[in-house]
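In: this one's structure only:
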């Protein structure tokens, strides 16, 4: 891959995962929460909406390169400050986004072949800062290149997140096609403190949703999108809980 890999939110960098080079090492599990603590937002898969909506506001942001909308869980009111990580641990009983669980791995889309045919496969990449010296039996791959028991669940999660990403892109793209998204600002007004504003966000417009023709509503329902839309709208009430957390901190 000749072009440099784009660096995802919170990652220090990405390189293609190489079994010989990286497989003899282990995942720095303790470093995962240090990574998470710097996330004021995390990309969210549509299949996570029902779980995440209980704890976080779910909003949409625009990809700076493509302009496509992407769902996120809002985790803090200030950049690089996650209000759900304390003392090196995620808040108990709160949904841990797959984006965090997958770190330090990620995927990169492979370029289309010369004939322009689409391809759905993705290259597994890794943030090398998330790997550490493997203790006995903790390496991802053996010296002969065979996967260890540690690699299986990691690879499965990577594949599941990649599949969920494609589903989420289809969901967000459909919302954009139906012109359902509108920009908004979340305002936090602490008693006796300075007001805080979180901008650059989008949400589903309830007025536009209610004005959709019956055929479009039925399509959203059949694709499982309508329930996710309502989970997103309900989750916006969680901005006040973010303020409460920020005030307690």
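Out: That came through, no problem. Computed from a predicted structure; not experimentally measured.
In: Which helix runs longest in the chain?
Out: helix 151-177 (DSSP state H).
In: What mean pLDDT does the helix or strand following that one get?
Out: As assigned by DSSP states H and E, the chain's next helix or strand after helix 151-177 is strand 181-188. Averaging pLDDT along strand 181-188 gives 86.
In: For residue 66, list the residues it contacts.
Out: Applying CB atoms under 8 Å, 6 or more residues apart in numbering to residue 66 gives no contacts. C-beta: built from backbone N, CA, C; applies to glycine.
In: Could you check how far the residue nearest to the spatial centre of the chain is from residue 247?
Out: Nearest to the geometric centre of the chain sits residue 43, at 2.2 Å (CA atoms, centre = their mean). Relative to residue 247, residue 43 is positioned 27 Å away (CB to CB, to the nearest Å).
In: ditto for residue 203
Out: Plainly put, residue 203 is 24 Å away from residue 247 if you go by CB to CB.
In: same thing with residue 15?
Out: Distance of residue 15 to residue 247, given as CB to CB: 41 Å.
In: who's more crowded, those two?
Out: Neighbours around residue 15 and residue 247, counted as other CB atoms under 10 Å, are more numerous at residue 15. The numbers are 15 against 12.
In: Does the more buried one touch residue 131 like I think?
Out: No - in this structure, residue 15 is not within contact of residue 131 by CB atoms under 8 Å, at 10.6 Å.
In: What ranges does this structure have for its strands?
Out: 15-16, 25-27, 41-43, 58-62, 69-74, 85-86, 89-90, 105-109, 122-126, 131-133, 181-188, 196-204 (DSSP state E).
In: I'd like the distance from the fifth one to the chain centre, please.
Out: Put plainly, it is strand 69-74. Computed by CA atoms, centre = their mean, to the nearest Å, the separation of strand 69-74 from the middle of its chain amounts to 7 Å.
In: and that strand, which residues are buried?
Out: 69, 70, 71, 72, 73, 74 (16 or more other CB atoms under 10 Å).
In: ok, now how distant is the first one from residue 173?
Out: Distance of residue 69 to residue 173, given as CB to CB: 8 Å.
In: Also the third one?
Out: Separation of residue 71 from residue 173 (CB to CB) stands at 12 Å.
In: Same check on the second one?
Out: To residue 173, residue 70 is 10 Å away according to CB to CB.
In: Where does pLDDT dip in this structure?
Out: Within the chain, the ranges that satisfy pLDDT under 70 run 1-4, 111-120, 136-137, 188-195, 249.
In: One more pass at 80, please.
Out: 1-5, 109-121, 135-137, 187-198, 247-249 (pLDDT under 80).
In: okay, now the nearest residue to residue 246 once chain neighbours are set aside: neighbour count?
Out: If the residues on either side of it in the chain are set aside, residue 246 comes closest to residue 77, at 5.2 Å by CB to CB, 6 or more residues apart in numbering. Residue 77 is flanked by 19 other residues according to other CB under 10 Å.
In: How about the contacts made by residue 77?
Out: So residue 77 contacts 40, 83, 188, 196, 198, 242, 243, 246 (CB under 8 Å, 6+ apart).
In: Got a quick ChimeraX command for the buried subset of those residues?
Out: Restricted to buried positions by 16+ other CB under 10 Å, the ChimeraX selection for these reads:
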select :40,83,188,198,242,243,246
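In: and the contacts of residue 77 as CSV, adding distance to residue 228?
Out: Output for the contacts of residue 77, formatted as CSV (distance: CB to CB, whole Å):
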residue, distance to residue 228
40, 23
83, 24
188, 25
196, 28
198, 21
242, 21
243, 25
246, 27
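In: which among the contacts of residue 77 gets closest to residue 167?
Out: Distance to residue 167 across the contacts of residue 77 (CB to CB) is lowest for residue 40, with 24.6 Å.
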